[in-house]
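[1] here's my sequence, what's the structure:
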Amino acid sequence: MNLILVIIDSLRKDHVGAYGNEWIHTPNLDSFFSESMRFTSAYPESLPTLPMRRSIHTGIRTFPFRGWKGQPTSYPLTTMFGSKVWIPGWTAIPWEQKTLAEHLNEYNYDSGYFTDCFHQDYAGMNFHRGFHAWEMIRGQEWDCWKTDPGMAKSDIAAKHFTKGMEWEKRKTWELTRYLTNNSHRQSEEDYFPAQVFRAATRWIEKNRDAENIFACVDCFDPHEPWDPPKHYRELYDPGYKGTEVIMPLYYDKADKYLTPEELNHMKAMYAGECSMVDRWFGFFMDTVRLLGLDKNSIIVVTSDHGHQLGEKNMTGKLPWGLMPCLLDLVMGIRHPQGEGAGKTCDAYAMNHDIMPTVLSMMGIDVPDQCEGENLWPVAMGKENSKRDHVSTIFKDYLWTANDSWALITRNNKTEMELYDIKKDPEYLKDVSADHPEVVEQMWKTLLEDAGGDIPIPEGASEAILEKGGMK
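    Model (predicted):
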């Protein structure tokens, strides 16, 4: 049996029609979920980009970043962090951990990996481990792909910045690099979702007759910058004449740099990116069906996290804003014989469950290292879930939740916030002062999940975003 794994970065669950959105066009994802078991309570076991993917590829939790140390680095990260990257959990896959691709090599799988998520493959990273073929689509975000002193001096990022954004020099540098990298675009086929899904499509066409294949398609969009072609922008905010804010600040005072109209347009740009990703996912899936691979492949689609778009005045991915907009994952598994098609599973699911689940479904031994749960018997109603809560970590903030409560806390047991999620699903009112016993119990739950204590990495504070803006 074949395996196709699709990872979509920064895709909010509430921006997909299959999960209840009524205004964003995602017909291809909706079609996929109509044929799949759709998980409604899926969460990342850690954030952001790299820790989450480590646990997907290994089935091992990276929570709570125990033993992590700042990672030595080179340009351009040295300009941001100094000699080491102080982002807890941000590291390569440890060599002693076997990846899903490496495991499938032992069962004669031909594997291909296609991504524009450049963080996985810059110096020191190794997320392509075990794949027989891998293709990195260059130019996302601040990828060191192209240089053009003339463009850099022309201040090409300025037209995308409001007056309130002028102080954030790092975003100016990032956006200048991005616009320089992508100055060659002529049509939608030059945009990243098209390039990534077309590369994966070419590979499955060439390898369709292999005994078994594993294709991993990792699309970085709708990660910012959000600059889809005009026809997508016009879908959601037609006639807008103001500043096109395509790069949000990671900031908890959004109203200090965005007017209501600018924030609304930024949301529209993000929605346009979601629809563009959906279109090219559909292109890929059309080929999967045309080749008959839908009849002999398990297909998994998941996001890695969401994005804050003004909730509680936050934009970006701020670790103290561990709310549904950031934590709720899109996740679905399509069985080739139609088992579970169109059904939903409300049991807690996490990204490190994917490896043991799909291997079990494929009849392949699950490595002892895997810490995740086989979700399929639970989803099919044959077993009860082993979980009554979920926990995650993002830099130096943690979150844990059950059916009634959600706790957000810093790793040193400060800044604790408690939410009654049945009454307050949007996390608007902190009730920690009214329920100290619940706070204490949920802190104990975090300690148990972490193995007895919450590690505080030495030096990590150098990379943590401080409340009120960038440090």
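[2] need the contact list for the closest residue to Met125 other than its chain neighbours.
    Excluding the flanking residues, the one nearest Met125 by Cβ to Cβ, 6 or more residues apart in numbering is Ala92, at 5.1 Å. Every C-beta, even on glycine, is put in place using the N, C-alpha and C of the backbone. Taking Cβ atoms under 8 Å, 6 or more residues apart in numbering as the contact definition, Ala92 lies against 124-127.
[3] how close does Ala92 sit to Pro51?
    Ala92 sits 11 Å away from Pro51, going by Cβ to Cβ, to the nearest Å.
[4] what do you get for Arg177?
    Distance of Arg177 to Pro51, computed by Cβ to Cβ: 24 Å.
[5] ok, the two, which is more surrounded?
    Neighbour count, other Cβ atoms under 10 Å: between Arg177 and Pro51, Pro51 has more, with 27 against 24.
[6] excluding chain neighbours, what is closest to the more buried one?
    Per Cβ to Cβ, 6+ apart, closest to Pro51 is Gly89, 3.6 Å.
[7] quick one: list the elements packing against the longest helix along the chain.
    Longest helix in the chain, counting residues (DSSP state H): helix 260-290. Applying 3 or more Cβ pairs under 8 Å, 6 or more residues apart in numbering; DSSP states H and E, one finds that helix 260-290 contacts strand 2-8, helix 27-34, helix 192-207, strand 213-219, helix 230-236, strand 297-303, strand 308-309.
[8] what's the angle from the second one to helix 260-290?
    In this structure, helix 27-34 runs at an angle of 60 degrees to helix 260-290, with axes from the mean of the first three to the mean of the last three Cα atoms, to 10 degrees as the basis.
[9] show me what counts as buried in helix 27-34.
    28-29, 31-33 (16 or more other Cβ atoms under 10 Å).
[10] between that helix and strand 297-303, how many degrees?
    What separates the directions of helix 27-34 and strand 297-303 is an angle of 120 degrees, with the same axes, to 10 degrees.
[11] what angle do helix 27-34 and strand 2-8 make?
    Using the same axes, to 10 degrees, helix 27-34 lies at 130 degrees relative to strand 2-8.
[12] same for helix 27-34, what does it pack against?
    Counting by 3+ Cβ pairs under 8 Å, 6+ apart, helix 27-34 packs on helix 260-290, strand 297-303, strand 331-334.
[13] pick the most buried one from these.
    strand 331-334 (a mean of 25; mean count of other Cβ atoms under 10 Å).
[14] shaky segments in the stretch 101-250 of the chain?
    Applying pLDDT under 70 to the stretch 101-250 of the chain picks out residues 167.
[15] can you give me the strands for it?
    Under the criterion DSSP state E, counting those that start in this stretch, the stretch 101-250 of the chain contains strands at 110-115, 133-136, 213-219.
[16] follow-up on the earlier one: for the helices and strands packed on helix 260-290, which one sits closest to Thr73?
    strand 213-219 (21.6 Å; Cβ to Cβ).
[17] picking up where we left off before, can I get the strands of the stretch 101-250 of the chain in CSV with mean neighbour count and distance to Asp148?
    Formatted as CSV, the strands of the stretch 101-250 of the chain follow (neighbours: other Cβ atoms under 10 Å; distance: least, Cβ to Cβ, whole Å):
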stretch, mean neighbour count, distance to Asp148
strand 110-115, 24, 25
strand 133-136, 18, 21
strand 213-219, 25, 26
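[18] make a markdown table from those strands and add distance to Lys241 to it.
    Shown next, in a markdown table, are those (distance: least, Cβ to Cβ, whole Å):
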| stretch | distance to Lys241 |
| --- | --- |
| strand 110-115 | 36 |
| strand 133-136 | 37 |
| strand 213-219 | 31 |
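[19] of those strands, give the one that comes closest to Ala406.
    Of all the strands of the stretch 101-250 of the chain, strand 213-219 comes closest under Cβ to Cβ, at 28.7 Å.
[20] give me the contacts around the closest one.
    Under Cβ under 8 Å, 6+ apart, the answer for strand 213-219 is 2-9, 53, 100-101, 104, 109-117, 120, 131, 192-193, 196-197, 200, 203-204, 207, 277, 280-281, 284.
[21] again, but for stretch 354-363
    1, 3, 5, 56-59, 100, 103, 298, 300, 302, 333, 335, 365-366, 370, 372-376.
[22] who are the contact partners of Met266?
    226, 245-246, 248, 258, 309, 315.
[23] whoops, I mixed them up, Thr259
    162, 242.
[24] any idea how far Lys230 is from it?
    For Thr259, the distance to Lys230 - Cβ to Cβ - is 22 Å.
[25] tell me which residues form a beta bridge with Ile4?
    Beta bridges link Ile4 to Ala215, Ile299, judged by DSSP bridges.
[26] before we move on, back to that, of the contacts of Met266, which is the nearest to Val85?
    Pro248 (21.6 Å).
[27] thought that closest one was touching Glu224?
    Yes - judged on Cβ atoms under 8 Å, Pro248 makes contact with Glu224 at a distance of 6.0 Å.
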